[in-house]
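> Structure, please.
(one chain, ligands or ions: 1)
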Amino acid sequence: MSLSSVPPRDSNKAGGQGVQDCWFRRVNPSNLRDVHYYGASVPFPTPDPDLAARLIRGRGDVEGLFSEARRLRDEGRGKTITFSRKVFVPLTTLCRDKCTYCTFAKPPGAGGEYLEPEDVMAIARAGETYRCTEALFTLGDRPEDRWQQAASFLARHGCDSTLEYVARMTERVLVETGVFPHANPGLMDDDEIAMLRPSNPSMGLMLENSSPRLLEPGMPHHDCPDKDPGLRIETIRAAGRERVPFTSGVLVGIGETIEELVESVFVLRNLAAEAGAIQEVIVQNFRAKADTPKRHDAEPTVPFFARVVAVARWILGPEMNLQVPPNLTEGFEAYLDAGINDWGGVSPLTIDWVNPEAPWPHLDELRTRTEAAGFELRPRLPVYPEYIDAEWIDATLLPKVEAAVDDDGYALAPEMEAA
Ligand code: SF4
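Residues are numbered from 1 along each chain as shown. Have a look, this model is predicted:
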């Protein structure tokens, strides 16, 4: 997929407000200038794919890259680092795909199953007790297309699809608890996003990588229909049309080339400009897991991955919320130096079901280490402050969202201490 495959558009479903207007409302065009300056008066080049690849390889002005990444973050996001206090709801561990790095998905009889409604509600209520504000619904993609057991479960519960079950459960969580759902249910079309919008102030889908090469035999996404990058890009576009704040990102180290990684970040930048819906970009490092075909693959080193993060900030610009999960690197402060402004969802209660070997830091530790690096740590809802308005949040949901945030749009701070 070439960069030109994500062309700018000049209209959207919202009508009355063009995509360009929307983009410029959130991103000051003066930030898109030709030359950035850091330090005294040394120019740093504008983002360029070839230079980005060189910098990721550690060649060229890497020190200048990090300075520029920090400068851009400070300019756009200041010294505030955010996180979302969450519980993890693994709605179903059945999936129709077979990604070669995944231990989340399991077949029937080997751990592949759905959570019953009362299991979901028990997790959400426990999250409420722990003063969480996000219920992250993570699940396999359309398992009913592959597994009869999935179709039977859905039929028993009166649902035609897993996405319908997601809608039903996110509605219950929203109505019965003070926790806000954030659904990550895989590919969606406009109608499916619209179905989930009243119960989800935000949603997400990782792009992972924009290269269709990763679908080929022997590659990590072979026989994974939901990992077709063209389809994932269409889901992100649909989120823009439906005006849903959307989380996406790249997964680094799964077999892509550096050029493919750079192109993926440019694709996300272009999608953010086009659709306006990308509220944050996650840069996530691959972790090799036992019992997977990629268990012997090398993981990205911290210096390499930090360069990827800094390049992402350089490409995405000052306003984008840039996240690195803090539980996948021991010395996670390294990414503050690379220009991030968010740690993502951190749970005082549930494990990271996608990376179960990697416990989240205690929230007090996260605060201590973030503050020691010179930043303020603030809790946010799954939706970022700049998206809390009538354009982006369903009218039935907006009053509850507004009641849960302070004047700056951050979560009415639960005390940091867990429990
Ligand atoms: S789509 Fe997600 S849940 Fe399914 S196999 Fe791939 S990584 Fe695992």
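> which one is residue 382 nearest to, not counting chain neighbours?
residue 182 (3.7 Å; C-beta to C-beta, 6 or more residues apart in numbering). Where C-beta positions appear, they are placed from N, C-alpha and C, glycine not excepted.
> I'd assumed that neighbour was in a helix, is it?
No: assessed by DSSP: H, G, I helix; E, B strand; the rest coil, residue 182 does not belong to a helix; its assignment is strand.
> give me every residue that touches residue 102.
95, 289, 292 (C-beta atoms under 8 Å, 6 or more residues apart in numbering).
> other SSEs contacting the longest strand anywhere in the chain?
Criterion DSSP state E: the longest strand present in the chain is strand 80-92. Judged by 3 or more C-beta pairs under 8 Å, 6 or more residues apart in numbering; DSSP states H and E, the packing partners of strand 80-92 are helix 117-129, strand 134-139, helix 162-176, strand 342-346, helix 363-372, strand 376-380.
> for these, which one ends up most surrounded?
Among the helices and strands packed on strand 80-92, ranked by average contacts under mean count of other C-beta atoms under 10 Å, first place goes to strand 134-139 (a mean of 26).
> which outside residues touch that one?
Against strand 134-139 from outside (C-beta under 8 Å, 6+ apart): 84-93, 95, 104, 123-124, 127, 162, 166, 169-170, 173, 177, 179-186, 345, 353-354, 381-382.
> Partner strands of that strand, with direction?
Applying DSSP bridges, strand 134-139 is found paired with strand 80-92 (parallel), strand 180-184 (parallel).
> Quick check: mean pLDDT of that strand?
Mean per-residue pLDDT for strand 134-139: 97.
> check whether it contacts the ligand.
No: Strand 134-139 is not in contact with the ligand by C-beta under 6 Å from any ligand atom; minimum separation 7.4 Å.
> buried residues in the next helix or strand after that strand?
As assigned by DSSP states H and E, the chain's next helix or strand after strand 134-139 is helix 148-156. Buried residues in helix 148-156, counting neighbours by 16 or more other C-beta atoms under 10 Å, are found at 149, 150, 151, 153, 154.
> Closest to residue 46 out of the residues you listed?
Relative to residue 46, the closest of these is residue 150; by C-beta to C-beta it sits at 47.7 Å.
> How much space separates the closest one from residue 141?
11 Å (C-beta to C-beta, to the nearest Å).
> try residue 384
Noted for residue 384: a distance of 25 Å to residue 141, by C-beta to C-beta.
> what secondary structure does the residue of the stretch 301-419 of the chain at minimum distance from the ligand sit in?
Using C-beta to the nearest ligand atom, the single residue of the stretch 301-419 of the chain nearest to the ligand is residue 354, 7.6 Å away. What three-state DSSP gives for residue 354 is coil.
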